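Q: test case, fold it:
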Amino acid sequence: MYVGLQKTSLVNFPGRVAATVFLPGCNLRCPFCHNGELACAGISTGPVHQDSEDQEYVLIEEVYAHLEKRAHLLGGLAISGGEPFLSPALTSLIEKAKKLKLAVKIDTNGTLPDRLAFILDNPNLRPDMVAIDIKTNPDRYGELALEEKAGESLSRSLIQSLDLLYNADSSVRVEYRTVLVPGLVGESEIRTIANLLPENADWELTPFVPGVCLDPSWNKIHPYGPEEIKRLLTIAKTLRQGARLR
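A: Next up is the predicted model:
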């Protein structure tokens with residue numbers, strides 16, 4: 001299996017120097033996705049087309065070798081995607097990282113609650129941190145699905161995942177993430193998302209950046225300007241004090 005590898009990152013795992021692995025395959029097709037080459041790749045395909053300058057695509061065995069070689073310099077392993085919970089490599093990556101005494105962070109879209117529950121319930125696999133994307137009002141997830149009719153199921157799954165994380169072991173740090181995509185996330189969506197989060201939620205809002213969107217037509221969308229971003233952030237912080245702009 002080929003995966004993306006960023007050998008060293010100071011931003012993908014808060015507070016830690018980490019390696020980041022990007023696992024291929026995703027059950028969503030978010031038009032604004034910046035990892036489209038990974039999202040559309042099968043989990044057992046050959047090399048992924050390389051668009052990024054700061055990560056390379058390698059066989060997963062090379063990831064294990066890198067972790068073993070650099071474990072004394074790294075503080076953690078961030079596992080992203082695509083959607084990591086689709087990948088058969090997820091558990092072996094976690095096991096390898098824990099064996100090397102590395103903290104583990106998993107990035108997820110939150111639509112696979114059964115697999116999330118399995119990881120959270122297993123003390124040998126339980127990550128130190130989970131970052132979950134809340135892309136818009138759950139009722140709009142049909143706009144992000146491979147098939148529009150899957151929207152209702154995805155919405156229910158997201159709510160289940162949020163429930164799981166709310167009740168997770170206290171050792172698991174949870175970060176909630178939303179990209180401020182015009183037309184997909186506005187004031188109404190911010191208010192809806194805020195109501196889904198715990199009072200003290202660590203909620204990261206990120207400006208939309210066009211240029212490498214999965215759907216090229218979305219590269220023509222103008223991001224929110226500074227004043228609108230400030231307004232949306234103020235609303236978010238009023239509702240959830242842990243909201244912040246990345």
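Q: please count neighbours and contacts with C-alpha atoms only from this point.
A: Noted.
Q: could you pull out the strands for this protein?
A: Under the criterion DSSP state E, the chain contains strands at 2-9, 18-23, 56-59, 76-81, 103-108, 129-133, 173-180, 202-207, 243-245.
Q: please report how far residue 174 lies from residue 98.
A: 19 Å (CA to CA, to the nearest Å).
Q: which one of those two is surrounded by more residues?
A: More neighbours surround residue 174 than the other of residue 174 and residue 98, with 21 against 18 (other CA atoms under 10 Å).
Q: in JSON lines: the strands of the chain, plus distance to residue 119 and mean pLDDT.
A: Formatted as JSON lines, the strands of the chain follow (distance: least, CA to CA, whole Å; pLDDT from 0 to 100):
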{"stretch": "strand 2-9", "distance to residue 119": "21", "mean pLDDT": "95"}
{"stretch": "strand 18-23", "distance to residue 119": "16", "mean pLDDT": "97"}
{"stretch": "strand 56-59", "distance to residue 119": "24", "mean pLDDT": "88"}
{"stretch": "strand 76-81", "distance to residue 119": "13", "mean pLDDT": "97"}
{"stretch": "strand 103-108", "distance to residue 119": "10", "mean pLDDT": "98"}
{"stretch": "strand 129-133", "distance to residue 119": "11", "mean pLDDT": "98"}
{"stretch": "strand 173-180", "distance to residue 119": "14", "mean pLDDT": "98"}
{"stretch": "strand 202-207", "distance to residue 119": "21", "mean pLDDT": "98"}
{"stretch": "strand 243-245", "distance to residue 119": "26", "mean pLDDT": "97"}
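Q: among those strands, which is nearest residue 66?
A: Across those, residue 66 has its closest neighbour in strand 2-9 (7.7 Å, CA to CA).
Q: so what touches the longest helix seen in the chain?
A: Determined from DSSP state H, the single longest helix within the chain is helix 151-166. When contacts are defined by CA atoms under 8 Å, 6 or more residues apart in numbering, helix 151-166 is touched by residues 109-113, 116-117, 138-145, 174, 196-198.
Q: cool, thanks, signing off.
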